[in-house]
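>>> Below are the sequence and a predicted model; questions follow.
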There are 2 protein chains.
Amino acid sequence: MSQETKHIALVCPGGPIDRGLANQTSAIAAARFGERAALHFHPHCFFEAGHFAGDDATRSAAFLEVANDPKFDAVWFARGGYGACRLDDGLFTKLNAAARTKTYLGYSDAGMILARLYQAGIGRPVHGPMPTDLTRPDGAQAIARALDFLVTGAADTLEPTATFGEKTVAFNITVLSHLIAADWAPDLSGHVVLLEDVSEYLYSIDRAMFAILSSPKLRHAAGIKLGRITDVPENDRPFGHSAEEIVAYWCARAGVAYLGRADIGHDADNKVVPFGASQPS
Amino acid sequence: MSQETKHIALVCPGGPIDRGLANQTSAIAAARFGERAALHFHPHCFFEAGHFAGDDATRSAAFLEVANDPKFDAVWFARGGYGACRLDDGLFTKLNAAARTKTYLGYSDAGMILARLYQAGIGRPVHGPMPTDLTRPDGAQAIARALDFLVTGAADTLEPTATFGEKTVAFNITVLSHLIAADWAPDLSGHVVLLEDVSEYLYSIDRAMFAILSSPKLRHAAGIKLGRITDVPENDRPFGHSAEEIVAYWCARAGVAYLGRADIGHDADNKVVPFGASQPS
């Protein structure tokens, strides 16, 4: 029985990747799905312009091109880093009917785009692994999970919260703290908000949680779950509270429920979190 | 001719200071003003609770105590660091008539308090040097300037923008990016906003400027001036844009005027910026 091929376009809204990483990702897809999956790395993924995979106009055009192309079923962000917030504001008004049918998968810096798409009701934004995770220990597991989700939608790829039929979103704490003041930041009333971070001092996590929970956009969230906070640098003095104590503290101050741990993070175990209400499993 | 003594209370909303720094600051005040200035370091300044000069309740009570005490003419924040956003939200509703007559001086993390006081119309929030600046090269110059401002209000202590009769505010970029989503963040329409930062990667400055200028609170600002961005750590790749290019870029995107450089920063030259409209000199 022949099965339809899933065509997945890859772009880099922040930093670039190298061809080795692209080839490795394609090899995993080929081994796992043969002709059922076809990865299409946009050429700009390999550009370098200072910090970025091409300048802002180049990255904006690449995203708009693949999002609007009916040939692609999904847009997979190949890497985070930094730069997604620099995409043209205007492109989000140029997304066409094809763009509205797609899945958009990524996390970390790519959360800037997931948030805008979600607020605008365009496509299906999803928080989950990216090809650059191959550089982490056991990263191939994360890539296999992302591909399983994109190609088959397998339920075992999902973070458990996303299988309860609740409205969920997931973000990197630092990224959410920076987008939450924007007028286009989504109103998270009624949502379970899953959070994670990497390589930030605990005082920085604390300050970011203050920023997030001071926003009216979070005031009526259904609750917050904390994923993993990894690679915390050592500060000149101990912060005196753990990451979980920090998140629970700011939740209590804001009157938002702290709902315990989530299975997401900058690591191989990072589970998939579709934005919005999923079907109960 | 006898002159009235200015009584200045010092508190630490973030990290603690040591007694040596307090004594050094008092010695500069004594040498410069004799009995015209009296510094009162609140005992909590020397407490240590994890990252902070006492726990949140202790620091909140100390600030409330000195702000509400009619004996003090000014509250001078002795150190930034991190922690001012953790003060009790409720204390800002407990500030009395005496608190409304005072000057509040500090910068960096203390901007969290200056912003709330300004939004609430309480007292005279002022961005300027703090005792902890004594640890910087030529830091005594900064302390002398702060004392001159607090004791005599000397016009030569002021950042030039603050002498033009325009509405001004000044903030650390990272601090403003974290408070701008709060419902109590001041509306900066019509204000010239002076910004500075220290020890942040350029990509972090870029992301913070995105956050600040994505907020409707800045949409109708009269303009932005850039102070000094110092001690920028070296990243694994050059960012590709200077700090001034970054600020001008985000101003252009937001349609806010970029008005050039300001004479503020984490250094000995940091000039004084009273919040709001000053008298033309």
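Perfect, thanks for sending it. Every value quoted in this text rests on a predicted model; they were computed, and no experiment measured them.
>>> And for the residue of the stretch 1-150 of chain A found nearest chain B, nearest residue in space, chain neighbours not counted?
Closest residue of the stretch 1-150 of chain A to chain B, CB to the nearest CB: A:Gly50 (1.9 Å). Yep, even glycine has a C-beta here, placed from its N, CA and C like the rest. Closest residue in space to A:Gly50, ignoring its immediate chain neighbours: B:Gly240 at 1.9 Å, by CB to CB, 6 or more residues apart in numbering or on different chains.
>>> ok, back up a step: isn't the residue of the stretch 1-150 of chain A closest to chain B right next to B:Phe239, touching?
Yes. A:Gly50 lies in contact with B:Phe239 (CB atoms under 8 Å); the separation is 5.8 Å.
>>> So between these two, which is more surrounded?
Neighbour count, other CB atoms under 10 Å in any protein chain shown: between A:Gly50 and B:Phe239, B:Phe239 has more, with 20 against 15.
>>> give me every residue that touches the nearest residue to that one once chain neighbours are set aside.
The shortest distance from B:Phe239 to any non-neighbouring residue, by CB to CB, 6+ apart, is to B:Leu202 (3.8 Å). With contacts defined as CB atoms under 8 Å, 6 or more residues apart in numbering or on different chains, B:Leu202 is in contact with B:Val232, B:Asn235, B:Phe239, B:His241, B:Ser242, B:Ala243, B:Ile246.
>>> show me what contacts A:Tyr82?
A:Gly14, A:Gly15, A:His51, A:Asp109, B:Tyr203, B:Asp206, B:Arg207.
>>> if I look at the closest residue to A:Val198 other than its chain neighbours, how far off is A:Thr132?
Ranked by CB to CB, 6+ apart and with sequence neighbours excluded, the top spatial neighbour of A:Val198 is A:His266, at 3.8 Å. A:His266 sits 10 Å away from A:Thr132, going by CB to CB, to the nearest Å.
>>> Can you show me the helices along chain A?
A:19-33, A:56-68, A:111-120, A:139-152, A:173-179, A:202-213, A:243-254 (DSSP state H).
>>> Turn the ones you listed into a markdown table, including mean pLDDT.
Below are the helices of chain A laid out as a markdown table (pLDDT from 0 to 100):
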| stretch | mean pLDDT |
| --- | --- |
| helix A:19-33 | 98 |
| helix A:56-68 | 98 |
| helix A:111-120 | 98 |
| helix A:139-152 | 98 |
| helix A:173-179 | 98 |
| helix A:202-213 | 97 |
| helix A:243-254 | 98 |
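>>> For A:Pro238, the count of nearby residues, please.
For A:Pro238, the count of nearby residues is 10 (other CB under 10 Å).
>>> which ones are touching it?
B:Gly50, B:His51.
>>> nearest residue to the residue most central in space within chain A other than its sequence neighbours?
Centroid-nearest residue in chain A: A:Tyr107, 2.0 Å away (criterion: CA atoms, centre = their mean). The shortest distance from A:Tyr107 to any non-neighbouring residue, by CB to CB, 6+ apart, is to A:His127 (4.8 Å).
>>> Then A:Leu226?
A:Val247 (4.8 Å).
>>> how close does the one you found get to chain B?
A:Val247 sits 14 Å away from chain B, going by CB to the nearest CB, to the nearest Å.
>>> Please work out how many residues are found near the closest residue to A:Ala154 other than its chain neighbours.
In space, and not counting its chain neighbours, A:Ala154 is closest to A:Asp148: 4.6 Å by CB to CB, 6+ apart. As a burial measure, A:Asp148 scores 18 neighbours (other CB under 10 Å).
>>> Can you find the helix or strand of chain A with the lowest average pLDDT?
strand A:276-277 (a mean of 92; mean pLDDT, DSSP states H and E).
>>> Show me which residues of the stretch 1-150 of chain A sit near chain B.
Within the stretch 1-150 of chain A, the positions lying close to chain B (CB under 8 Å from any CB of the partner chain) are A:Ala49, A:Gly50, A:His51, A:Phe52, A:Tyr82, A:Cys85, A:Arg86, A:Asp89.
>>> Swap in 10 Å and give it another go.
Counting by CB under 10 Å from any CB of the partner chain, the residues of the stretch 1-150 of chain A lying close to chain B are A:14-16, A:48-52, A:55-56, A:81-86, A:88-89, A:109, A:112.
>>> Buried members of these into PyMOL, please.
To isolate the buried subset of those in PyMOL, counting by 16 or more other CB atoms under 10 Å in any protein chain shown, use the following:
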select buried, chain A and resi 14+15+16+49+51+52+55+56+81+82+83+84+85+86+88+109+112
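>>> I'd say A:Gln141 and A:Asp133 touch.
Yes. Using CB atoms under 10 Å, A:Gln141 is in contact with A:Asp133, at 9.0 Å.
>>> shared neighbours of those two, which are they?
A:Asp267, A:Ala268, A:Asn270 (CB atoms under 10 Å, 6 or more residues apart in numbering or on different chains).
>>> Reformat the residues you listed into TSV and put pLDDT and neighbour count next to each item.
Output for the shared contacts of A:Gln141 and A:Asp133, formatted as TSV (pLDDT from 0 to 100; neighbours: other CB atoms under 10 Å in any protein chain shown):
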residue	pLDDT	neighbour count
A:Asp267	98	20
A:Ala268	97	18
A:Asn270	98	28
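>>> Which one of those is nearest to B:Lys71?
Using CB to CB, A:Asp267 comes nearest to B:Lys71 of these, at 55.2 Å.
>>> so that closest one sits right up against A:Gly227, yeah?
Yes. With contacts counted by CB under 10 Å, A:Asp267 reaches A:Gly227, the gap being 9.3 Å.
>>> which residues are in contact with both of those two?
Common neighbours of A:Asp267 and A:Gly227 (CB under 10 Å, 6+ apart) are A:Glu196.
>>> So A:Ala154 sits against A:Val272, correct?
Yes. Using CB under 10 Å, A:Ala154 is in contact with A:Val272, at 9.2 Å.
>>> With respect to B:Thr93, which of the helices of chain A lies nearest?
Closest among the helices of chain A, using CB to CB: helix A:243-254, at 15.2 Å.
>>> Could you report the distance from A:Gly260 to A:Gly227?
Distance, A:Gly260 to A:Gly227, using CB to CB: 11 Å.
>>> between those two, which one's more packed in?
Each of A:Gly260 and A:Gly227 has its neighbours counted (other CB under 10 Å); A:Gly227 has more, 27 against 12.
>>> pretty sure the more buried one contacts A:Leu259?
No. Between A:Gly227 and A:Leu259 there is no contact under CB under 10 Å: 11.9 Å.
>>> between these two, what contacts are shared?
Common neighbours of A:Gly227 and A:Leu259, counting by CB under 10 Å, 6+ apart, are A:Leu194.
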